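Asks: take a look and give me a structure for this.
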Amino acid sequence: MNYFWQGLQQDYHIFLLAPILCAIFRTIFILVYKPYPSFKGKEVALYHCYRYGFWWGMDFNAYVLLLSMIFVTIPGVFNNTWFQIGDSLRLTGLLIYALVLYTAFIGKMIFYRQFNDTYNKLLWLGRNAEKHNLLDVFFKQYHGAILLLSYLPVGALLYGAIILLLNIPMIPSIFEEGTVSYYTFNSCCFIGTILFFYYCRYGGTFNHDDKPEWDEIPSVVKKDIFLSRACIDDLCALENVWHNPLDALLTHTDEDDEPLIDSIMPEKYKNLKWKELSSPIEAFCRTAQGPRIKKPKNIFLIVGESYTQYLLDKPYEKLHIMDGGKKFRKNPHTVSVDNFIPAGPLSRPSIVSLMSGIFDARLELNERENFWAGATPAALPIQLKKLGYKSIYWYGGNPTYGSFHKFAPAVGFDKVMGATEFCPKDSPKTWVGIYDHIFLEKTAELLKDIDEPTFHYIYTTSNHGPYKMPLKKLGFDAK
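Replies: Numbers count the residues shown, from 1 in each chain. Now for the predicted structure:
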């Protein structure tokens, strides 16, 4: 008997349950919390929500297959007793995992009703919450006793579903035990299963860089705030929370913040005089002294992804790495500041800070709905609007990455232009966006049709890790 082949088939059979269960939970969530009366016109978004959510969930669900093969099937090949109890082990392990999924789903349903969001960093605040109060809310407001009792019927249904999967008829092996064909077939099945595991875990690809994540949710889904939340499975959402602990700033009390605010106040507002203002930001108001140059028709702020300062400095000029940038800086119409400090530790908080006039400090303001509702007074497009300029945000990638299709208009941009929308469909691209030269050339073409004073915020993407652009093919000579 080919124990490995039989056991492996059972591994694949039980592997079916987790993604089906996640799809069921996703459906219940969508039906319970949908913000619109019907799904008319949402068919494409729903399809991609389920498709992308299925592959994203494989980040966890794929382990059902791998772990069952490693800890049940393979030992069963060498130990007959272990083989005989194999289905019981599979049943127990999968039932525990399915109940974990159910627990995460219940928690998500409660969390969404409370915060109108799926699992996010607010979970970290639960550590400091009054535990008796949490229990009181769970049992009285959310009928906790009924939810706990629901584990009995749900567990019974899951038990029955796993039994049905384990009773799916198996395909007999056609190879005689001990022959070369027998070992070759089993080896191919083992290697194929390992490859299939990685294919599933990487979201239907063998490339880790293409693994599903929040930024790359399909645009048709990301533009629907509700479906973009429904797209992520609960364990994946919890994993994101785990890898992104709460910023210390969000745990500060007003008393903690007072000395910090006081330390940056202008002299006349120090020693807490700023508290007399309706908002601390008023202490930094400055009125421009009037025009110093002829009003230009177009203003360009070009943000180059990973365009580092030190390579522009004199000690490195012989490397000829940024000759184009140096030439651009020497243009008489260019203002350049050598000691400019980016307004954040990474590109995204930097551009968000430049847009909003608020230091982002890793708070991911662009992903917070309350910053999609309106502009801050210090927002750059708002200031330029007072001078008669319209504002356009030109992005070399997809504006739904980072929710800039929501955030940019909120801070005052009149239009958001994503390269993935206006560049040719077959344009070569990195995982972040269209190659810079194609994006910039197409942007330059579209600029010719604009005949009113405009501020252009242009953000390139190509110089972004992992660095896989075909530089030689694009004409770069390292020598």
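Asks: and Y459, how many neighbours?
Replies: Neighbouring residues of Y459 were enumerated by other C-beta atoms under 10 Å; the total is 23. C-beta: built from backbone N, CA, C; applies to glycine.
Asks: just the pLDDT for the residue nearest to it when sequence neighbours are not counted.
Replies: Of all residues beyond its chain neighbours, the one nearest Y459 is V303 (4.6 Å), with distances taken as C-beta to C-beta, 6 or more residues apart in numbering. V303 is assigned a pLDDT of 87 by the prediction.
Asks: what's the burial count for V303?
Replies: Around V303 there are 16 other residues, counting by other C-beta under 10 Å.
Asks: give the bridge partners for the nearest residue to T443 once chain neighbours are set aside, please.
Replies: Nearest residue to T443 in three dimensions, chain neighbours excluded: W394, at 5.3 Å (C-beta to C-beta, 6+ apart). Beta-bridge partners of W394, counted by DSSP bridges, are M417, I458.
Asks: go ahead and name everything in contact with the lowest-mean-pLDDT helix or strand in the chain.
Replies: Across the helices and strands of the chain, mean confidence by mean pLDDT, DSSP states H and E is lowest for helix 131-136: a mean of 79. Surrounding helix 131-136, the residues in contact under the criterion C-beta atoms under 8 Å, 6 or more residues apart in numbering are G126, G144.
Asks: okay, buried residues for the very next helix or strand once past that helix please.
Replies: Following helix 131-136 in sequence order, the next helix or strand is helix 144-149 (DSSP states H and E). Of the residues in helix 144-149, those buried under the neighbour-count criterion (16 or more other C-beta atoms under 10 Å) are G144, L147.
Asks: for stretch 293-307, same thing?
Replies: Buried residues in stretch 293-307, counted by 16+ other C-beta under 10 Å: V303, G304, E305.
Asks: which helices and strands does the biggest helix by length in the chain pack with?
Replies: In the chain, assigned by DSSP state H, the helix with the most residues is helix 86-115. Judged by 3 or more C-beta pairs under 8 Å, 6 or more residues apart in numbering; DSSP states H and E, helix 86-115 is in contact with helix 3-15, helix 17-33, helix 43-68, helix 151-166, helix 234-243.
Asks: residues of stretch 433-447 that come out buried?
Replies: Buried, per 16+ other C-beta under 10 Å, within stretch 433-447: G433, I434, Y435, D436, I438, F439, L440, K442, T443.
Asks: other residues contacting that stretch?
Replies: Outside of stretch 433-447, the residues within contact range by C-beta under 8 Å, 6+ apart are 298, 394-398, 417, 419-420, 422-424, 427-429, 456, 458, 460-463, 469, 474.
Asks: what do you get for stretch 209-228?
Replies: Outside stretch 209-228, the residues within contact range by C-beta under 8 Å, 6+ apart are 30, 33-35, 42, 44-46, 48-49, 52, 55-56, 59, 201-203, 205, 231-232, 240, 369, 398, 400-403, 405-406, 420, 431, 466.
Asks: C189 reaches N2, doesn't it?
Replies: No. In this structure C189 lies outside contact range of N2 using C-beta atoms under 8 Å: 9.6 Å.
Asks: domain-wise, how is this structure divided?
Replies: In the assignment given by the TED database, the structural domains of the chain cover 3-243, 261-290, 297-474.
Asks: so which of those comes closest to T251?
Replies: domain 3-243 (7.7 Å; C-beta to C-beta).
Asks: ends of that closest one, what's the gap?
Replies: Between the start and the finish of domain 3-243 there is a gap of 40 Å, counting by C-alpha to C-alpha, to the nearest Å.
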